[in-house]
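K.L.:
Here you go, sequence then predicted model.
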Amino acid sequence: MGSVNFEPKIVTGDGGYVLEDVPHLSDYIPHLPTYPNPLQDNPSYSVVKQYFVNVDDTVAQKIVVHKSSPRGTHFRRAGPRQKVFFESDEVHACIVTCGGLCPGLNTVIREIVCGLYHMYGVTRVLGIEGGYRGFYARNTISLTPKVVNDIHKRGGTILGTSRGGQDTLKIVDSIQDRGINQVYIIGGDGTQKGASVIFEEIRRRGLKVAVAGIPKTIDNDIPVIDKSFGFDTAVEEAQRAINAAHVEAGSIENGIGVVKLMGRYSGFIAMYATLASRDVDCCLIPESPFYLEGSGGLFEFVEKRLKENGHMVIVIAEGAGQDLLCESMRAMSLQDASGNKLLKDVGLWLSQKIKDHFAKKQKMAINLKYIDPTYMIRAIPSNASDNVYCTLLAHSTIHGAMAGYTGFTVGPVNGRHAYIPFHRVIESQHTVVITDRMWARLLSSTNQPSFLDPKEIAKKKEEEAETQVKEGENQPKSEKG
């Protein structure tokens, strides 16, 4: 799709204050006219004490600081501005959804359409069908509040979706030919990378087109923002699968329930579902390596737990144990159209390994049930808290686009919605920190071992010993004992 040309817009202030600002249409189009925000005449907002966000309001990325700490990185606060850079009848907006399904997609679509109509009086909103390719290869849908009225009650996306394969120049040509001047892009890190390149091409052409991203990842692996929409729903729905596994395992002698949950690179769904459930005996995530055989390994723990309780439940994220699986199956490193690593089914593999291990022992017969609820979880409508969250995301994005901001994504940072430059959400992935207290809470809940490999521990001890020897050799003779 092309390379992303990062030009961070940094503003510094007193006390180590840093604002990572987002681009604005006025950065490359001079003398743009401004208009009063129509919200000031909106009866729904007449009870609000302060209609508009102060132009200098920012949100701190880090809120736990020492008295001597610098003020640190901030992002521009989201919300309606007193002046807007688009007249209502001038706006021709479009919405596109890309990548995998996630609870809440239809809610975001609905709230963008209704927000544009009811807050800003915008009546021309197009839905682009089938992801990025839909800009030049598919039909469009005219979206009105009536069309989208009930879509939040359905899973999936009414616009359809696809992965990868997009042509930036064709997309921007289509945007230009159709007279679109606000582009709302809903998708994960791959989609946001694409949105960043589209923004760069639009800026290169000098078009008055605002490009706004809404981050979507069920795995909650987008950095900077507190969490992604659909995550709460996914954790809640995962409880059903864990409960079913617990019932199955507890109903038969030496029963084992194995549940595979989503989490390609980040184990947040598995971790939070485990903590919420209280019925899980072992949680395996990509960030925390484990091993099967020998002292302190998974097989030993399974046997111990079965002897203690007579049954157990294992939750495994889809990205966990892929190194063991690749060794075992000599798997190729393949990728899907979005550039994501194609994973082997670690749940099936682990289930078979456990069965094989206990079949060899003969002393203990086990009954194992494997549950993979992945697509059931992805396809459901969002729950109440995610519905509210999707509304806030959609409204924040609309306010930003109308105020002339572009090349940004939106999300809560320490509970306050902010506009974040594209490069910040695509430069890394948000992962579980296994030295953090939340993972410690999980370990104390499941009482599972840390699965630290004895070979790795021995290797680290050797390295530490060698370092100490070298440090001793480098010391002056008079300092040696």
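P.N.:
Done, it's in. Computed from a predicted structure; not experimentally measured.
K.L.:
alpha carbons only for contacts and neighbour counts from here, please
P.N.:
OK.
K.L.:
need the strands for the stretch 151-300 of the chain, in chain order.
P.N.:
Secondary structure of the stretch 151-300 of the chain (DSSP state E, counting those that start in this stretch): strands at 182-187, 210-215, 255-261, 282-284.
K.L.:
Now do the first one: which elements does it pack against?
P.N.:
When contacts are defined as 3 or more CA pairs under 8 Å, 6 or more residues apart in numbering; DSSP states H and E, strand 182-187 sits against strand 93-97, helix 189-205, strand 210-215.
K.L.:
Make CSV out of those and add mean neighbour count and distance to residue 281.
P.N.:
Output for these, formatted as CSV (neighbours: other CA atoms under 10 Å; distance: least, CA to CA, whole Å):
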stretch, mean neighbour count, distance to residue 281
strand 93-97, 27, 37
helix 189-205, 22, 32
strand 210-215, 27, 33
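K.L.:
Residue 310 - nearest residue in space that isn't next to it in sequence?
P.N.:
residue 254 (4.9 Å; CA to CA, 6 or more residues apart in numbering).
K.L.:
what do you get for residue 214?
P.N.:
Nearest non-adjacent residue to residue 214, counting by CA to CA, 6+ apart: residue 186, 4.8 Å away.
K.L.:
Give me the pLDDT value at the one you found.
P.N.:
As predicted, residue 186 sits at a pLDDT of 97.
K.L.:
Could you count how many residues lie near it?
P.N.:
Applying other CA atoms under 10 Å, we find 24 other residues in the vicinity of residue 186.
K.L.:
can you check residue 48 too?
P.N.:
For residue 48, the count of nearby residues is 10 (other CA under 10 Å).
K.L.:
same deal with residue 375?
P.N.:
By other CA under 10 Å, 12 other residues sit near residue 375.
K.L.:
Please identify which helix or strand holds it.
P.N.:
According to DSSP states H and E, residue 375 maps onto helix 374-378.
K.L.:
what does the next helix or strand after that helix rub up against?
P.N.:
Helices and strands here follow DSSP H and E; after helix 374-378, the next one along the chain is helix 384-402. Helix 384-402 has contacts (CA atoms under 8 Å, 6 or more residues apart in numbering) with 78-81, 84-86, 104, 107-109, 111-112, 115-116, 152, 182, 210-214, 229-233, 406, 409-411, 417, 419.
K.L.:
Could I have the CA atoms of helix 384-402 written out in CSV?
P.N.:
Extracted in CSV, the C-alpha atoms of helix 384-402 (Å, rounded to 0.1, in the frame of the first residue of the first chain):
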residue,chain,number,x,y,z
ALA,A,384,-24.3,-2.3,27.1
SER,A,385,-20.9,-0.9,28.3
ASP,A,386,-19.4,-1.4,24.8
ASN,A,387,-22.4,0.3,23.2
VAL,A,388,-21.9,3.4,25.4
TYR,A,389,-18.2,3.3,24.6
CYS,A,390,-18.8,3.1,20.8
THR,A,391,-21.1,6.1,21.0
LEU,A,392,-18.4,8.2,22.7
LEU,A,393,-15.8,7.1,20.2
ALA,A,394,-18.0,7.9,17.2
HIS,A,395,-18.9,11.4,18.6
SER,A,396,-15.3,12.2,19.5
THR,A,397,-14.3,11.3,16.0
ILE,A,398,-17.0,13.4,14.4
HIS,A,399,-16.1,16.5,16.5
GLY,A,400,-12.4,16.1,15.5
ALA,A,401,-13.2,15.9,11.8
MET,A,402,-15.6,18.8,11.8
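K.L.:
distance between that helix and the chain's centre?
P.N.:
16 Å (CA atoms, centre = their mean, to the nearest Å).
K.L.:
Buried residues, that helix. List them.
P.N.:
By neighbour count on 16 or more other CA atoms under 10 Å, the buried set for helix 384-402 is 386-387, 389-402.
K.L.:
can you check stretch 69-88 too?
P.N.:
For stretch 69-88, a neighbour-count test (16+ other CA under 10 Å) marks 71-88 as buried.
K.L.:
Repeat that for stretch 225-245.
P.N.:
Neighbour counts over stretch 225-245 (16+ other CA under 10 Å) mark 225, 227-239, 241-243, 245 as buried.
K.L.:
do stretch 9-25 as well
P.N.:
Buried residues in stretch 9-25, counted by 16+ other CA under 10 Å: 18-25.
K.L.:
Low-confidence ranges, the stretch 201-350 of the chain, go.
P.N.:
Within the stretch 201-350 of the chain, the stretches with pLDDT under 70 are 327-343.
K.L.:
any weak-confidence spans in the stretch 1-150 of the chain?
P.N.:
For the stretch 1-150 of the chain, the stretches flagged by pLDDT under 70 are 1-6.
K.L.:
still on that earlier bit, with distance to residue 55 as new columns, can the helices and strands packed on strand 182-187 be given to me in a markdown table?
P.N.:
Listed next are the helices and strands packed on strand 182-187 as a markdown table, based on distance: least, CA to CA, whole Å:
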| stretch | distance to residue 55 |
| --- | --- |
| strand 93-97 | 24 |
| helix 189-205 | 23 |
| strand 210-215 | 18 |
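K.L.:
Point out the one among the ones you listed that comes closest to residue 291.
P.N.:
Among these, the nearest to residue 291 by CA to CA is helix 189-205 (30.3 Å).
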